[in-house]
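Student: what follows is a predicted protein model with its sequence.
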Amino acid sequence: MPQSDTPPFPDSTKRRDLLATGTLALGCAGACALAVPFLNSLKNTAITSLSDNTLEVDLSTLAPGQGMTVQWQDWPVFIQRRTPQMLAALQAPAHIATLRDADSKILQQPKDATNWHRSVRPDYGVLVGICTHLGCVPTFEKPGSAPEAKGGYFCPCHGSHFDAAGRVVQRAPAPYNLPVPPVTFLSDTKIRIGHSAGDPGFSMSDIQQI
Ligand code: FES
């Protein structure tokens, strides 16, 4: 796992008050435990931490529909290989109408992830797993596990739902979509987290809120 200093944030991204800090501590105690089922394939997956604070992840063992969590810059990062059904669900007009920022107008992602799937490639989603409300760690909602579960994420602290692209639903406590880290595909099944070839000037400190 990468070792890093606390990442730099602009003042606007640090505005979680004391209540938020307490909620984060309590929320993560439960949410992090709940996140465990989403962890898989890690023991079979090569994860290489590089000296420039980037992380290389081999995705070759990830089957369609599977996800895993890695740690980058002290954040949990959700990686999900999406199925055609999940991609279709992301584009359904009735679903899009339920989202707060369907077009990712708020800067929560690099330019090469400012698209309907909020990722470099549609078939792989890579998201920072920190709720934009008060910072809990959302859990994965396996498709079919609940009527509304289509392979997105649910924050158990105050009930925010995000779709598989990390887009938050309207009326959720979370104000913004989940952040997307900079990602570069090194091959068909290997990514580097921490650098965006499509938006090389992007920095996590540019993000509205994490
Ligand atoms: S921390 Fe409140 S909904 Fe996620």
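Tutor: Yep, that arrived. Numbering: from 1, shown residues only.
Student: tell me who's in contact with the residue positioned nearest the centre of the chain.
Tutor: For the chain, the residue nearest the mean C-alpha position is residue 127 (1.8 Å; Cα atoms, centre = their mean). If you count contacts by Cβ atoms under 8 Å, 6 or more residues apart in numbering, residue 127 has them with 77-78, 80, 118, 153, 166, 178-181. For every residue, glycine as well, the C-beta is placed using N, CA and C.
Student: which non-adjacent residue is nearest residue 114?
Tutor: residue 104 (5.0 Å; Cβ to Cβ, 6 or more residues apart in numbering).
Student: can I assume the residue nearest to the centre of the chain sits in a strand?
Tutor: Yes - counting by DSSP: H, G, I helix; E, B strand; the rest coil, one finds residue 127 located in a strand.
Student: phi first, then psi, for residue 161.
Tutor: Dihedral pair for residue 161: phi -100, psi 140, per degrees, to the nearest 10.
Student: so what's it bridging to?
Tutor: residue 154 (DSSP bridges).
Student: can you give me the distance of it to residue 84?
Tutor: Using Cβ to Cβ, to the nearest Å, one gets 22 Å for the distance from residue 161 to residue 84.
Student: compare those two (neighbour count), which wins?
Tutor: Neighbours were tallied for residue 161 and for residue 84 using other Cβ atoms under 10 Å; the higher tally belongs to residue 161 (22 against 10).
Student: okay, that one: pLDDT?
Tutor: Listed pLDDT for residue 161 reads 94.
Student: ok, it to residue 79 distance?
Tutor: 20 Å.
Student: same question for residue 55.
Tutor: Taking Cβ to Cβ, one finds residue 55 at 11 Å from residue 79.
Student: okay, the residue nearest to residue 107 when sequence neighbours are not counted: pLDDT?
Tutor: Excluding the flanking residues, the one nearest residue 107 by Cβ to Cβ, 6+ apart is residue 208, at 5.4 Å. Confidence at residue 208, expressed as pLDDT, is 96.
Student: begin at 430, not 1, for the rest of this chat.
Tutor: With the count now opening at 430, the last piece we talked about shows up as residue 637.
Student: near the ligand, which residues of the chain show up?
Tutor: Contacts of the chain with the ligand, taken as Cβ under 6 Å from any ligand atom, map to 456, 560, 562-565, 584, 586-589, 602-603.
Student: who does the residue nearest to the centre of the chain form a beta bridge with?
Tutor: Residue 556 has the following beta-bridge partners by DSSP bridges: residue 507.
Student: per-residue pLDDT, residue 480?
Tutor: Per-residue confidence at residue 480 stands at 77 (pLDDT).
Student: how many neighbours does it have?
Tutor: Neighbours around residue 480, by other Cβ under 10 Å: 7.
Student: sec struct for it, please.
Tutor: Reduced to three states with three-state DSSP, the structure at residue 480 is coil.
Student: for it, give its distance to residue 637.
Tutor: Taken as Cβ to Cβ, the span from residue 480 to residue 637 is 29 Å.
Student: end-to-end on stretch 627-639?
Tutor: End-to-end distance of stretch 627-639 (Cα to Cα, to the nearest Å): 21 Å.
Student: so how far is that stretch from its chain's centroid?
Tutor: The chain centre lies 14 Å from the centre of stretch 627-639; the measure is Cα atoms, centre = their mean, to the nearest Å.
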